[in-house]
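Asker: here is the input, now give the coordinates:
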Amino acid sequence: MDDRPALTSDATSVGEAMRAVLRDCLSEARAAIEDAGKSDAQAVHDFRRAMKRWRALLRLIEPLVGTEARRLRDHGRDCAHALSGARDGQSALDALADIEKDELALSQRSIAGLRKRIEDIRCAAEATTLNADMRLALGRMFDEAESAVGAWPFAGVSFDSVAGALARGYRGARMLIPADWTGASAEALHELRKRVVIHRYQIEIIEPLWPRFVKMWTGEAQRLRERLGKHQDLLVLASLTGPHQPLARWRSRLSPAIVQRRAAHVAAAQRLAARLFLERPKALHQRLLGMWEVGRGEGMRAAE
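Answerer: Just a heads-up that it's a prediction; the model follows:
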């Protein structure tokens with residue numbers, strides 16, 4: 001997680017460490033929009049990624065600071081959704097690259113034409129979403145959120161309360177694991193992916209307590225997220241091939257490859273989820289508390 005703020009065993013205040021993490025989220029999101037060197041597509045991608053992290057951490061601290069965190073989380077969701085049209089175009093391009101790994105019933109010329117059509121869709125969406133008015137609206141959102149984070153009463157926040165919230169986030173994702181992966185609906189897998197994203201961003205804040213273990217954990221969560229994300233990208237591409245949609249003429253030649261790749265990603269996701277969510281939530285909570293106590297003890301001995 002590079003040099004991002006996080007919870008460390010020598011933190012004098014768990015609450016202030018959490019405040020620093022939240023401020024870093026906002027700085028990342030603001031930088032994505034204000035960096036003049038980024039294309040609109042890259043700005044949208046980076047902003048939406050930062051918003052996922054921001055919303056995951058707001059969900060984590062909501063029981064600690066009250067309903068304003070929920071309101072800011074909903075606002076961040078709405079802003080990210082307002083830019084999803086541009087993201088859908090990129091998702092379709094990513095899905096096309098994915099199915100090219102299989103033998104498509106398309107010539108290279110046809111694939112190039114298909115890619116150009118999707119790029120046109122993406123560019124059209126960018127022009128209507130990340131405009132000057134949207135940038136101003138996002139700037140106001142950042143200002144409001146930064147003011148709220150600075151005022152939240154974090155003084156009494158303990159690591160036990162943070163660990164409990166992390167375990168609840170883990171439980172929320174674990175409960176969405178399908179009993180039958182092959183029969184799971186697209187909506188169910190999408191909901192699982194969202195919960196995995198939340199868990200991945202939440203758990204990384206404790207990486208300094210046990211770097212090797214947490215890096216392994218977040219790495220597995222990221223791989224599961226990517227598999228489920230590729231599955232979702234394929235659904236976006238499939239939706240563009242429906243009747244009266246921009247890619248309808250390619251439907252018969254794309255559909256078999258889309259179905260095949262979706263099945264491969266679901267099978268891989270099932271294996272990853274079995275490993276990642278093997279531990280019970282209560283056991284994870286106790287593990288987190290143990291990591292904290294060991295780290296605190298080592299810090300105290302080093303200070304003597």
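
Asker: ok, residue 291 - contacts?
Answerer: 206, 209-210, 213 (Cβ atoms under 8 Å, 6 or more residues apart in numbering). (Glycine included, C-beta is placed from N, CA and C.)

Asker: show the buried residues in the residues you listed.
Answerer: For the contacts of residue 291, a burial check counting by 16 or more other Cβ atoms under 10 Å picks out 206, 209-210.

Asker: nearest to residue 237 among these?
Answerer: residue 206 (36.7 Å; Cβ to Cβ).

Asker: for the closest residue to the closest one other than its chain neighbours, helix, strand, or coil?
Answerer: Distances taken as Cβ to Cβ, 6 or more residues apart in numbering put residue 7 closest to residue 206, at 5.2 Å, once the chain neighbours are dropped. Using DSSP: H, G, I helix; E, B strand; the rest coil, the structure places residue 7 in coil.

Asker: and the gap between residue 7 and residue 23?
Answerer: With distances taken as Cβ to Cβ, to the nearest Å, residue 7 is found 14 Å from residue 23.

Asker: more neighbours, these two?
Answerer: residue 7 (20 against 15; other Cβ atoms under 10 Å).

Asker: closest one of the contacts of residue 291 to residue 162?
Answerer: residue 206 (8.1 Å).

Asker: residue contacts, the residue nearest to residue 206?
Answerer: By Cβ under 8 Å, 6+ apart, the contact set of residue 7 is 14, 17-18, 21, 159, 162, 205-206, 208-209.

Asker: mind giving me the PyMOL select for the residues you listed, buried ones only?
Answerer: Here is the PyMOL command that picks out the buried ones among the contacts of residue 7, judged by 16+ other Cβ under 10 Å:
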select buried, resi 14+17+18+21+159+162+205+206+208+209
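
Asker: dump the contacts of residue 7 into a markdown table; add distance to residue 146, pLDDT and secondary structure as well.
Answerer: Output for these, formatted as a markdown table (distance: Cβ to Cβ, whole Å; pLDDT from 0 to 100; DSSP: H, G, I helix; E, B strand; the rest coil):
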| residue | distance to residue 146 | pLDDT | secondary structure |
| --- | --- | --- | --- |
| 14 | 20 | 93 | helix |
| 17 | 17 | 94 | helix |
| 18 | 15 | 94 | helix |
| 21 | 13 | 96 | helix |
| 159 | 25 | 94 | helix |
| 162 | 21 | 94 | helix |
| 205 | 19 | 96 | helix |
| 206 | 24 | 95 | helix |
| 208 | 24 | 92 | helix |
| 209 | 27 | 92 | helix |
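
Asker: can I get the contacts of residue 7 in a markdown table with distance to residue 255?
Answerer: Listed next are these as a markdown table, based on distance: Cβ to Cβ, whole Å:
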| residue | distance to residue 255 |
| --- | --- |
| 14 | 51 |
| 17 | 50 |
| 18 | 47 |
| 21 | 44 |
| 159 | 51 |
| 162 | 46 |
| 205 | 42 |
| 206 | 44 |
| 208 | 47 |
| 209 | 47 |
